[in-house]
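J.: show me how the following folds:
(chains A and B)
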There are 2 protein chains.
Amino acid sequence: MFASSSTPDAPRTIPTRRPDRARHDRATVHAILDSDFVCHLGFVADGRPVVLPTLYARVGERLYLHGSTGSRPLRAAGRGLEVCVTVTTVQGIVLARSAMHHSLNYRSVVAHGTAHRVTDPEELQIAFDALLDQTVPGRSAGCRPPNAKERAATAVLRLDLDTVSAKIREGGVNDDPADADLPHWAGVVPVWRAIGSAVPDPALPHGTPLPDHLRRFVEDGGQRPR
Amino acid sequence: MFASSSTPDAPRTIPTRRPDRARHDRATVHAILDSDFVCHLGFVADGRPVVLPTLYARVGERLYLHGSTGSRPLRAAGRGLEVCVTVTTVQGIVLARSAMHHSLNYRSVVAHGTAHRVTDPEELQIAFDALLDQTVPGRSAGCRPPNAKERAATAVLRLDLDTVSAKIREGGVNDDPADADLPHWAGVVPVWRAIGSAVPDPALPHGTPLPDHLRRFVEDGGQRPR
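T.: Okay, here's the model as predicted:
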């Protein structure tokens, strides 16, 4: 279950500063997770924090994380590794009349829990496919699947979405009334992740058409299907 | 100094998996940090990892971090808080013929160290200005500066760039030679952060022109000056 104020984990997922920005409903958490494919994965190594970017995929109430980031703790997570996974999508720069009220429009998800390395071959295949399809929907069916040796060489972690929260800042400028007449420009600059035309590998036979999954992805500007 | 294989901190900043992607020269680290404004800040609270997105700015060999993220440990960092700050810019989706060789083109920086809350009024002003100018160059001169009360209400952390490394993946597809003739599309989809036209606050007097710093920012597509 998701954390709420009645669960023991709540203090880790209830932001204290701007509770109005916190959302805990599952649909919001899923929508944010489904709109991106890069997370920042935090864990503790030798008592110190480590944060690494990596690919993730959501499958139901689980996250799969690409764990081959060069970090020994991740690769040795068989017995479980305490992690914090954070996904952040910036959607706008909020420029206020006062320095103090500058902000970002963004959507973020923070998930806490114990991640485990996936070893079951069937689950590993599900995770591999999901990681590909999270990045480009349909891609897992458009490439050669990993063979047994390749699967063994790749660490994939699973994190159940038990203790998770979302935070959203949206809308316009919130200047103090006393600043309303200051002679400074105020407003919002929209921000999004853009994608360009697909650049074929030089070794690809001339005239090879874009496969449907990739054509749709590029036409949709990299947005995931809703 | 930056970590290298001869410093005690090296194991934390030398990636073990793809050392060819690791860069430690200062210019590369600075260029990556200067091209973005959102970091993921990791720390340990009650023995567990926490990763929060926040704004940052680079000033010389220091990072300033906006610490008012609702987290008590950040606000109480007067005596020093062990952190890991990671900045990641995604630049492309690398689609290989094999699932295994799918990848991202990206540039990332990981900085470790002890962050301290900034309390000196002069340094706090420098940090405030830098945080605004990191997001939109020139913005600190285009709004009302924070007053004493506002400064006191905002936690800013400082992290010296002592133990820091960069990692870059760029270029095209690296399929195995045995997969060269597979009938799968391969190539790269470019990715970047795009910005749109500035949307004025409805309360702004009609016809208020965009200030120069913002006009340049929008015309440059949100890129920082080099």
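J.: where's the spatially most central residue of chain A relative to residue A:215, distance?
T.: With distances taken as Cα atoms, centre = their mean, the residue of chain A nearest its centroid is residue A:87 (3.5 Å). Shown here: residue A:87 relative to residue A:215, a distance of 26 Å by Cβ to Cβ, to the nearest Å. Every C-beta, even on glycine, is put in place using the N, C-alpha and C of the backbone.
J.: residue A:180 now?
T.: Distance from residue A:180 to residue A:215, by Cβ to Cβ: 49 Å.
J.: please apply the same query to residue A:161.
T.: From residue A:161 across to residue A:215, the span is 32 Å (Cβ to Cβ).
J.: tell me which of the two has more neighbours.
T.: residue A:161 (21 against 13; other Cβ atoms under 10 Å in any protein chain shown).
J.: can you tell me how far residue A:135 is from residue A:110?
T.: Residue A:135 is 21 Å from residue A:110, by Cβ to Cβ.
J.: now do the end-to-end distance for stretch A:31-51.
T.: Stretch A:31-51 has an end-to-end distance of 23 Å (Cα to Cα, to the nearest Å).
J.: pull out the buried residues from it.
T.: The neighbour-count check on stretch A:31-51 (16 or more other Cβ atoms under 10 Å in any protein chain shown) flags A:31-33, A:35-45, A:48-51 as buried.
J.: cool, and stretch A:152-164?
T.: Applying 16+ other Cβ under 10 Å to stretch A:152-164 flags A:154, A:155, A:156, A:157, A:158, A:159, A:161, A:163, A:164 as buried.
J.: following the helix or strand where residue A:84 lies, which helix or strand shows up next?
T.: In the assignment (DSSP states H and E), residue A:84 maps to strand A:81-95. Going down the chain from strand A:81-95, the next helix or strand is strand A:103-117, by DSSP H and E.
J.: please name every helix or strand in contact with whatever helix or strand comes next after that next one.
T.: Counting by DSSP H and E, the next helix or strand C-terminal to strand A:103-117 is helix A:121-135. With contacts taken as 3 or more Cβ pairs under 8 Å, 6 or more residues apart in numbering or on different chains; DSSP states H and E, helix A:121-135 sits against strand A:48-59, strand A:62-66, helix A:148-153, strand A:156-160.
J.: list the contacts of the third one.
T.: Translated: helix A:148-153. A:68, A:121, A:124, A:125, A:128, B:98, B:99, B:100 (Cβ atoms under 8 Å, 6 or more residues apart in numbering or on different chains).
J.: the fifth one: neighbouring residues, count only.
T.: Number of residues near residue A:128 (other Cβ under 10 Å) recorded here: 24.
J.: can you check the last one too?
T.: Other residues near residue B:100 come to 21 when the count uses other Cβ under 10 Å.
J.: the fourth one now?
T.: The criterion is other Cβ under 10 Å. On that basis, residue A:125 has 16 neighbouring residues.
J.: spell out which residues make up each domain of chain A.
T.: Split into domains by automatic domain parsing, chain A comes to A:10-193, A:197-226.
J.: out of these, which is the most enclosed?
T.: domain A:10-193 (a mean of 19; mean count of other Cβ atoms under 10 Å in any protein chain shown).
J.: residue ranges with poor pLDDT in chain A?
T.: Scanning chain A for pLDDT under 70 picks out the ranges A:1-22, A:69-70, A:224-226.
J.: the same query, at a cut-off of 50, please.
T.: By pLDDT under 50, the weakly predicted segments of chain A are A:1-16, A:226.
J.: how far away is the closest residue to residue A:33 other than its chain neighbours from residue A:34?
T.: Among residues not flanking residue A:33 along the chain, residue A:58 sits closest, at 4.6 Å (Cβ to Cβ, 6 or more residues apart in numbering or on different chains). Taking Cβ to Cβ as the measure, residue A:58 and residue A:34 are separated by 6 Å.
J.: mutual contacts of the two, please.
T.: With Cβ under 8 Å, 6+ apart, residue A:58 and residue A:34 have common neighbours residue A:134.
J.: surely residue A:52 and residue A:72 touch.
T.: No: using Cβ atoms under 8 Å, residue A:52 is not in contact with residue A:72; the gap is 11.9 Å.
J.: now name the helix or strand holding residue A:188.
T.: strand A:187-195.
J.: and the next element down the chain from that strand?
T.: Strand A:187-195 is succeeded, C-terminally, by strand A:199-200 (DSSP H and E).
J.: can you name the residues in contact with the following helix or strand past that following strand?
T.: From strand A:199-200 onward toward the C-terminus, using DSSP H and E, the following helix or strand is helix A:212-219. Applying Cβ under 8 Å, 6+ apart, the external contacts of helix A:212-219 come out as A:136-139, A:141-142, A:195, A:197-198, A:210, B:95, B:185, B:189.
J.: which two among those residues are spaced furthest apart?
T.: A:141 and A:197 (22.0 Å; Cβ to Cβ).
J.: which residues does residue A:121 contact?
T.: Residues in contact with residue A:121, defined by Cβ under 8 Å, 6+ apart, are residue A:151.
J.: my bad, should have said residue A:140
T.: Residue A:140 neighbours (Cβ under 8 Å, 6+ apart): A:128, A:129, A:130, A:132, A:133, B:99.
J.: and the gap between it and residue A:195?
T.: The separation that residue A:140 has from residue A:195, given Cβ to Cβ, amounts to 19 Å.
J.: and for residue A:54?
T.: Note on residue A:54: its distance to residue A:195, by Cβ to Cβ, is 20 Å.
J.: again, but for residue A:219
T.: 10 Å.
J.: gap between the most far-flung residue of chain A relative to its centre and residue A:97?
T.: Distance to the chain centre peaks in chain A at residue A:181, reaching 39.4 Å (criterion: Cα atoms, centre = their mean). Computed as Cβ to Cβ, the residue A:181 to residue A:97 distance reads 9 Å.
J.: go on, residue A:189?
T.: In terms of Cβ to Cβ, residue A:189 sits 15 Å off from residue A:97.
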